[in-house]
Every structure is written in C-alpha cells, then in structure tokens.
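In: sequence and predicted structure are below.
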Amino acid sequence: MLCILFLVLLPLVGLAEDTGQPAPIRISSLRATPSVLSNPDKRVVPVSLSVAATADTAVECKLAGISANQRLWPGDAKITGPLGARLKVATRPSRAHRVYTLRVRCRDAAGLVATRGVTVTVVPEVEKRVSEYTH
C-alpha cells in the first residue's frame, strides 16, 4: 500500500516548480558589525548590517525595524540607512544585558518578501573582583 501511495503522490512533487511562480526569497546570511557592544557608557555607536539574499529576480534589502528586550527611549536606537543603525551602549541596572534585534526585510521584483532578524548585545563592564586567598 505504501508503494501505491508513493506512486500516486510522485507526480505532485514537482508541481510547484511547474506553476511558473517565482521561487521565494532566501536570506542565506545576516550579520551585524559589531554584534557585541561592551562597557555601557551611554555612547551611541554605528552598526552596519550585511545581508545575502537570493531569489529569481533582483532583491533589495533594508533595515525595517529595531526592538530590544528593554524599553527603548528616544535616541536609544535609530535607523540611519538601508542597512545601518546607531545604537546606544546602555543597559538597565536591573538586567545584565540589553539585546537589540534588528529586523531586515528583503523584497524582490516580483513583490515577494522575506524577513529575518539579527541581534546586537550590550554586555556590562566586566567587574574586577579581588579575591582574598589565605595560604
């Protein structure tokens, strides 16, 4: 019975390829530079994104939004260009890390859209602790 089911479904395997519809956009890589921001002193630093996306037609990608795991105040995050942003190197004392999520949206000439996010983490300054050892 399994062989019969396989033979019945076999013609359907290539159906999507024969419809003439464009292939969906594939975002194969998305990177933020820098991806880690340290020593939170409230300075604002530029972050650039690099994205690789493929589709049947030309693809245009741009930064669509920025969110974080902590409340963002005006001036904490700003989109500065298609693949650029400025992020504040700050974190709340109540949380160890602030994690920004930068969402990229890619659109091809056929109007198909794909989105993907990348994170940039603000890590607190490493505290030097002196341990006393008794010998």
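Out: That came in fine, so what should we check first? Numbers count the residues shown, from 1 in each chain.

In: from here on, contacts and neighbour counts on C-alpha atoms
Out: Fine.

In: show me the strands in this structure, by range?
Out: 26-33, 36-38, 44-54, 59-68, 77-81, 84-88, 98-108, 113-123 (DSSP state E).

In: partner strands of the last one and their direction?
Out: Right, strand 113-123. strand 36-38 (parallel), strand 98-108 (antiparallel) (DSSP bridges).

In: how about the first one?
Out: Within its sheet, and counting by DSSP bridges, strand 26-33 is paired with strand 44-54 (antiparallel).

In: hey, C-alpha coordinates of the strand it pairs with in PDB?
Out: In PDB, the C-alpha atoms belonging to strand 44-54 read as follows (Å, rounded to 0.1, in the frame of the first residue of the first chain):
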ATOM      1  CA  VAL A  44      25.900  55.800  20.600                       C
ATOM      2  CA  VAL A  45      27.700  53.700  18.100                       C
ATOM      3  CA  PRO A  46      27.100  52.900  14.400                       C
ATOM      4  CA  VAL A  47      26.200  49.300  13.500                       C
ATOM      5  CA  SER A  48      26.200  48.100   9.900                       C
ATOM      6  CA  LEU A  49      24.400  45.000   8.500                       C
ATOM      7  CA  SER A  50      25.500  42.700   5.700                       C
ATOM      8  CA  VAL A  51      22.900  40.500   4.100                       C
ATOM      9  CA  ALA A  52      23.000  37.900   1.400                       C
ATOM     10  CA  ALA A  53      19.700  37.000  -0.200                       C
ATOM     11  CA  THR A  54      18.700  35.200  -3.400                       C
END
